[in-house]
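A.B. asks: Provide a 3D model corresponding to the input given below.
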Amino acid sequence: MRTANWYVPAISHAPSNPFYPHVSWDQCGITAVCTRKFECFASAIAKAAAAYRVPVADVYRAFNGADHREDPVDKGYIDTDGIHVSDAGRAVFAETLAALGYEQVKPPR
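C.D. replies: Numbering: from 1, shown residues only. I've put the predicted structure just below:
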């Protein structure tokens, strides 16, 4: 078993998906507060997974960089709808999961 945290697709580029607002975090002036919340979300996933010895793929870092401020659109990881991953993004997601290895995960005692 493996798990992953998640990426932020709309830091500086507004999504073009009709079901999402056409504004980015930067355009709304909410990047700092949303980044802190997303970091809490990623931390909660890591803590819950650690309790059960489940490896976590850090997709957030892979897509949004070490400081979590990089826009994955600029890297080509987000598809034309501005939300979902592109072929390049799927490859990065898969590589991040594969980097965890394939050793058996043992349940906690």
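
A.B. asks: any low-confidence regions in the chain?
C.D. replies: 105, 108 (pLDDT under 70).

A.B. asks: which non-adjacent residue is nearest the residue most central in space within the chain?
C.D. replies: Closest residue to the average C-alpha location of the chain: residue 7 at 2.0 Å, with CA atoms, centre = their mean. Leaving aside its chain neighbours, residue 7 sits nearest to residue 63 (3.5 Å; criterion: CB to CB, 6 or more residues apart in numbering). C-beta here means a position set from N, CA and C on the backbone, and glycine is covered the same way.

A.B. asks: what sits against the residue nearest to the centre of the chain?
C.D. replies: 59-60, 62-64, 72, 77, 85, 89 (CB atoms under 8 Å, 6 or more residues apart in numbering).

A.B. asks: next step: the residues you listed restricted to helices.
C.D. replies: Using DSSP state H, the subset of the contacts of residue 7 located in helices is 59-60, 62-64, 89.

A.B. asks: between the two ends of stretch 76-89, how far is it?
C.D. replies: Terminal residues of stretch 76-89 lie 7 Å apart, using CA to CA, to the nearest Å.

A.B. asks: quick one: buried residues of it?
C.D. replies: 77-79, 82, 85-86, 89 (16 or more other CB atoms under 10 Å).

A.B. asks: quick one: contacts of it?
C.D. replies: Taking CB under 8 Å, 6+ apart as the rule, stretch 76-89 contacts 7, 9-10, 13-17, 20, 63, 72-73, 75, 92-93.

A.B. asks: which parts of the chain are strands?
C.D. replies: 3-4, 56-57 (DSSP state E).

A.B. asks: any idea how far residue 82 is from residue 106?
C.D. replies: Distance, residue 106 to residue 82, using CB to CB, to the nearest Å: 40 Å.

A.B. asks: again with residue 95
C.D. replies: Counting by CB to CB, the gap from residue 95 to residue 82 is 23 Å.

A.B. asks: for residue 107, same thing?
C.D. replies: For residue 107, the distance to residue 82 - CB to CB - is 39 Å.

A.B. asks: please apply the same query to residue 13.
C.D. replies: For residue 13 relative to residue 82 (CB to CB), the value is 7 Å.

A.B. asks: understood, closing this out.
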